[in-house]
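[1] Sequence unavailable; structure follows:
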């Protein structure tokens, strides 16, 4: 469970981000706030959907190439997972790497604790040091990590695609500083492909992705005493060709005014809140982004249909 200080920090950060995002034109919300405990559970349900190919494809890549990834990362590394979530795919990597220590990092503290406990049961004897933090902002790894062990970062799920250009650069720089000279990283990237496949993955026929997206409004109402009208918004997935990204939006069904923390935010019918972008890469494009941040893309493992890839990066 989160202690009082952690709860206060998270509530204040959530409030500030929501007020800032709804004050912009166009309105936005950082995607990290989609992942409260219910959001995390809904996302895990999304990963099981027929339309959502990334999770099963990345999982198959990890299973097929885990031994090669372990050789790439080196013997008995400290494994740092950014945005650990349920850490389902992590077990494949842990079995292959046999790390000296595992450091899962996630903003959803209760969900992180549950995942860490499950990993501890699966790998008795593996030291686990969970860190409750927003990996898109500066944070510290535990100070007593073994200095002699190589460090490997794990950033699966194409979460890097949720970051804009400035956030991606900041994250890669931060990861380079935390993993140090000789550090390695395994990063999942969703590859460019046909538009029908992409949009279906973010707007499934069962409506689970819609529930996941809309849940953030329920969270705002609950935690910030707002009054977003139930049923007043709908989920929409859009393709942004200029950004090579699928975007998720919450679209107002009618004109309305929402109150939050003593402020009023007006919405026109059809106006949206942009809640998430999922940028699509190729390995050359990732190398172009990672190079100025101190990384070289040395390896790339993909599936036979080239839907997804896991890139192996080494610190310059």
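    Sure thing, it's come through. Owing to the predicted nature of the structure, the values given are computational and were not obtained by experimental measurement.
[2] Give me the domain ranges for the protein.
    Here the domain parsing of the chain from automatic domain parsing is 4-34+196-279, 53-193+280-315.
[3] Determine which stretch of those is the most buried.
    Highest mean neighbour count among the domains of the chain (mean count of other CB atoms under 10 Å): domain 53-193+280-315, with a mean of 18. C-beta here means a position set from N, CA and C on the backbone, and glycine is covered the same way.
[4] Please tell me I have it right and residue 123 contacts residue 98.
    No: using CB atoms under 8 Å as the test, residue 123 is too far from residue 98 to be in contact (9.0 Å).
[5] Quickly find the element holding residue 96.
    helix 90-97 (DSSP states H and E).
[6] now the strands: where do they sit in the stretch 51-200 of the chain?
    Counting by DSSP state E, counting those that start in this stretch, the segments of the stretch 51-200 of the chain that form strands are 78-82, 101-106, 131-132, 151-155, 184-190.
[7] With mean pLDDT and distance to residue 270 as extra columns, can I get these in TSV?
    Converted to TSV, those look like this (pLDDT from 0 to 100; distance: least, CB to CB, whole Å):
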stretch	mean pLDDT	distance to residue 270
strand 78-82	98	36
strand 101-106	96	35
strand 131-132	93	38
strand 151-155	98	35
strand 184-190	98	29
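[8] one step back: mind checking which of the domains of the chain is nearest residue 41?
    Taking CB to CB, domain 53-193+280-315 is the member of the domains of the chain nearest to residue 41, at 8.2 Å.
[9] So what's the gap between that closest one and the chain middle?
    Distance of domain 53-193+280-315 from the chain centroid (CA atoms, centre = their mean, to the nearest Å) equals 11 Å.
[10] Look at it and report the distance between its end residues.
    One end of domain 53-193+280-315 to the other measures 30 Å (CA to CA, to the nearest Å).
[11] Kindly report the same for stretch 118-134.
    With CA to CA applied, stretch 118-134 spans 21 Å between its terminal residues.
[12] Give me the contact list for that stretch.
    Residues outside stretch 118-134 that contact it (CB atoms under 8 Å, 6 or more residues apart in numbering) are 2, 6, 13, 32, 84, 87, 90-91, 94, 99-107, 109, 112-113, 116, 139, 141-142, 145.
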